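J.: model this:
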Amino acid sequence: MDLKPLSPINHNKGILGVEWATFAYILFTTILIFVYGDKLSAPYEMLHHRTYIILGVALCITLYRWRPCWLTLLIRRLYPMFLLNFWYPETYEFCRLYPYLDHIFAGADQQLFGMQPALLFNQNFSSTLWSELFHLGYFAYYPMIFFVVLSPLANCPERFDRTAFVVLASFLIYYGVYLFLPVGGPQYYFCAIGETQAAAGVFPDMGHYLASHTEMRPSPGSEGLFRSLVIGAQTAGERPTAAFPSSHVGIATILIFLLWRNRRRHILYMAPFYILLCGATVYIEAHYLVDVLAGWVSSVLVFIVTTRLYDFINKHGWVMRNV
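T.: Next comes the predicted model:
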């Protein structure tokens, strides 16, 4: 199959699966904006952003129809994926309207394990080597996503749309949960209550405190390249949101499922990064250990839902046929 970037292809009309997923999330969150109204910090700005995003999708479709080739189709396919960096921090605008529940999840870790894994894990693996390995795993998250999404183009392009839809729709399902489940994670909660109380198993209910305080504990471990990269990424876009269940673990597990289906032999290459990523979520105190367990369980459910949803809309001809 000719995959030269500017090679003309048959012009297929219709909407891509990733575009349907984006429109559905925009509709859902737009309804929420009107429901919450002035309780949100900037509802009109949020509505304006949605207008720009829809215009961006329309522009990508127009570009493809003007010059139907692999490059314009790829731009159209990837644009909704890049919007993930916008949708994630916005979950904070919704979830902070509710009292935070970190005391419940920190307490669950304490009851299940008799300690706080997020505190003790990095203390017992504090060398530069372990620090860099776990931060490498955490930083590898987005490269892993794009590797799995793009890999079908090399040997099975017809699977590309399905793979991209499953990944994007899975993200948006997790984000939909975070809108209503305010859990900031240890890096925020332990910063608020103090490490002494956390280590002693005392977890006060902080109510709405994290709704207006975004101070976080610095990423643990020794100085190094990947630790610096993780800190930079957190400084740019991290918020007290999206801790339970861990979408890092959930999405990474879904990537393994997809890789097993699309390019099975490459699982061996991704497995070390996957293991490090799962451990890193607790190591850098982004998640409680119960968040990781919930990420594993939820990944199976989300994968089943998104794959069946794609099959449904494809069966009914609601998505553009592969080219």
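J.: So for residue 94, what's the nearest residue that isn't a sequence neighbour?
T.: Leaving aside its chain neighbours, residue 94 sits nearest to residue 179 (4.1 Å; criterion: CB to CB, 6 or more residues apart in numbering). C-betas here are computed from N, CA, C, even on glycine.
J.: Start and end of stretch 176-189, how far apart?
T.: With CA to CA, to the nearest Å applied, stretch 176-189 spans 22 Å between its terminal residues.
J.: re earlier: residues touching the residue nearest to residue 94, list them.
T.: The contact partners of residue 179, by CB atoms under 8 Å, 6 or more residues apart in numbering, come to 29, 32, 91, 94-95.
J.: What is the neighbour count of residue 111?
T.: As a burial measure, residue 111 scores 10 neighbours (other CB atoms under 10 Å).
J.: Distance of it relative to residue 105?
T.: To residue 105, residue 111 is 11 Å away according to CB to CB, to the nearest Å.
J.: Sketch out the low-pLDDT regions of the chain for me.
T.: Applying pLDDT under 70 to the chain flags the ranges 1-12, 154, 157, 316, 318, 320-323.
J.: buried sites along the longest helix along it?
T.: In the chain, with assignment by DSSP state H, the single longest helix is helix 289-315. For helix 289-315, a neighbour-count test (16 or more other CB atoms under 10 Å) marks 289-295, 298-299, 302-303, 306-307, 309-310, 313-314 as buried.
J.: cool, stretch 89-106 as well?
T.: Buried positions in stretch 89-106, judged by neighbour count with 16+ other CB under 10 Å: 90-96, 100-103, 105-106.
J.: got it, and stretch 48-68?
T.: 53, 57, 60-61, 63-64, 68.
J.: want to throw those into CSV with distance to residue 220 and secondary structure?
T.: Putting these into CSV (distance: CB to CB, whole Å; DSSP: H, G, I helix; E, B strand; the rest coil) gives the following:
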residue, distance to residue 220, secondary structure
53, 36, helix
57, 40, helix
60, 41, helix
61, 45, helix
63, 45, helix
64, 46, helix
68, 50, coil
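J.: can you list the residues you listed in JSON lines and add distance to residue 270?
T.: Below are those laid out as JSON lines (distance: CB to CB, whole Å):
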{"residue": "53", "distance to residue 270": "30"}
{"residue": "57", "distance to residue 270": "30"}
{"residue": "60", "distance to residue 270": "29"}
{"residue": "61", "distance to residue 270": "32"}
{"residue": "63", "distance to residue 270": "32"}
{"residue": "64", "distance to residue 270": "31"}
{"residue": "68", "distance to residue 270": "33"}
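J.: between those, which is nearest residue 221?
T.: Comparing these against residue 221 with CB to CB places residue 53 closest, at 36.5 Å.
J.: Contact partners for that closest one?
T.: 22, 26, 83, 86.
J.: 7 Å - rerun?
T.: Shown in contact with residue 53 (CB atoms under 7 Å, 6 or more residues apart in numbering): 26, 83.
J.: Report the separation between it and residue 47.
T.: 11 Å.
J.: next one: residue 219
T.: Distance from residue 219 to residue 47, counting by CB to CB: 35 Å.
J.: Kindly report the same for residue 289.
T.: Counting by CB to CB, the gap from residue 289 to residue 47 is 38 Å.
J.: picking that back up, save the buried residues of stretch 89-106 as JSON lines, and put in secondary structure too.
T.: Formatted as JSON lines, these follow (DSSP: H, G, I helix; E, B strand; the rest coil):
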{"residue": "90", "secondary structure": "helix"}
{"residue": "91", "secondary structure": "helix"}
{"residue": "92", "secondary structure": "helix"}
{"residue": "93", "secondary structure": "helix"}
{"residue": "94", "secondary structure": "helix"}
{"residue": "95", "secondary structure": "helix"}
{"residue": "96", "secondary structure": "coil"}
{"residue": "100", "secondary structure": "coil"}
{"residue": "101", "secondary structure": "coil"}
{"residue": "102", "secondary structure": "helix"}
{"residue": "103", "secondary structure": "helix"}
{"residue": "105", "secondary structure": "helix"}
{"residue": "106", "secondary structure": "helix"}
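J.: circling back: what's the farthest-apart pair in the buried residues of stretch 48-68?
T.: 53 and 68 (22.8 Å).
J.: now the helix or strand where residue 77 lies, how far from the centre of its chain.
T.: Residue 77 is located in helix 70-82, with elements delineated by DSSP states H and E. Centroid separation for helix 70-82 versus its chain: 19 Å, with CA atoms, centre = their mean, to the nearest Å.
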